[in-house]
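**Q** any chance you could fold what I've pasted below:
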Amino acid sequence: MDDTSREALNALPDWLRSLADDLTAVAGLMKDSQLPEEVRLWAAGAVGYVFKSVDLIPDGIDDLGYLDDAFVLRVAAARALEDLPADEAAALTPLAQLAEGASLVKRLLGSDYARLEDFVSGLRIAVVRGKSPSDIVEDSALAAQVCDEVASFARSYLAPPFAQDERTLIKLKSFLSAKLP
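**A** Numbering: from 1, shown residues only. Below you'll find the predicted structure:
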């Protein structure tokens, strides 16, 4: 087993356990009118993905079901930070912490990472439940409603078990390789 696989097997269970908190933090950013619109669009797109009815990996699949959500949050965070000056990016601690995980996702997925990045970029214009990220960031009442939905999800979310086995990573990479556009 290589170092990246070992690191992933140690990190991914934590990502599943922190998914509700991570999602809540990102949702809070999408309604922060002090942030540039581009950053808020990245946040709204990532939050919208978690609520899409069709995921890259269906949520009900043990071990893997919510990992695509965790990956999307991290990639979107990394991309959002690219739209900020370094001093402002460092001040957004939750976003910076999530963005650090994107480097592990990149190493783990290898050449498929570029496809994931393209997919996440498309989420900034994706319509989920009849609302686009632009709709959400431009309407504070709608942003508050989405944050309420996130809070409800966070209260009910139970982290799935994760088998710390290299075969789990093989399944994960196979799923993403097959499903990414």
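
**Q** I'd assumed A76 was in contact with G45.
**A** Yes. Counting by Cβ atoms under 8 Å, G45 touches A76, with 6.3 Å between them. From N, CA and C alone the C-beta is placed, and that goes for glycine too.

**Q** now the common contact residues for these two.
**A** Any residue near both G45 and A76 by Cβ atoms under 8 Å, 6 or more residues apart in numbering counts here, and that gives 120, 123.

**Q** and stretch 161-175, which residues are buried?
**A** 162, 168-169, 172, 175 (16 or more other Cβ atoms under 10 Å).

**Q** from the chain's centroid, how far away is stretch 157-168?
**A** 17 Å (Cα atoms, centre = their mean, to the nearest Å).

**Q** what's near enough to touch the nearest residue to V105 once chain neighbours are set aside?
**A** The shortest distance from V105 to any non-neighbouring residue, by Cβ to Cβ, 6 or more residues apart in numbering, is to F71 (5.2 Å). By Cβ under 8 Å, 6+ apart, F71 lies in contact with 105, 116, 176.

**Q** mind telling me what element F71 is part of?
**A** Here F71, judged by DSSP states H and E, is contained in helix 67-82.

**Q** next secondary structure element downstream of that helix?
**A** Under the assignment DSSP H and E, the closest C-terminal helix or strand after helix 67-82 is helix 86-91.

**Q** list the buried ones in that next one?
**A** By 16+ other Cβ under 10 Å, the buried positions in helix 86-91 come out as A89.

**Q** give the other helices and strands that it contacts.
**A** helix 93-109 (3 or more Cβ pairs under 8 Å, 6 or more residues apart in numbering; DSSP states H and E).

**Q** helices along this structure, start to end?
**A** Using DSSP state H, the helices assigned to the chain run over residues 3-17, 19-30, 37-50, 67-82, 86-91, 93-109, 113-122, 133-138, 140-156, 166-179.

**Q** how about TSV for these, with mean pLDDT and distance to D59 added?
**A** What follows is those, written out as TSV (pLDDT from 0 to 100; distance: least, Cβ to Cβ, whole Å):
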stretch	mean pLDDT	distance to D59
helix 3-17	96	11
helix 19-30	95	11
helix 37-50	95	9
helix 67-82	95	8
helix 86-91	73	30
helix 93-109	93	18
helix 113-122	97	17
helix 133-138	95	21
helix 140-156	95	11
helix 166-179	94	12
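
**Q** picking up where we left off before, of the contacts of F71, grab the buried ones for PyMOL.
**A** Per 16+ other Cβ under 10 Å, the buried members of those correspond to this PyMOL selection:
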select buried, resi 105+116+176
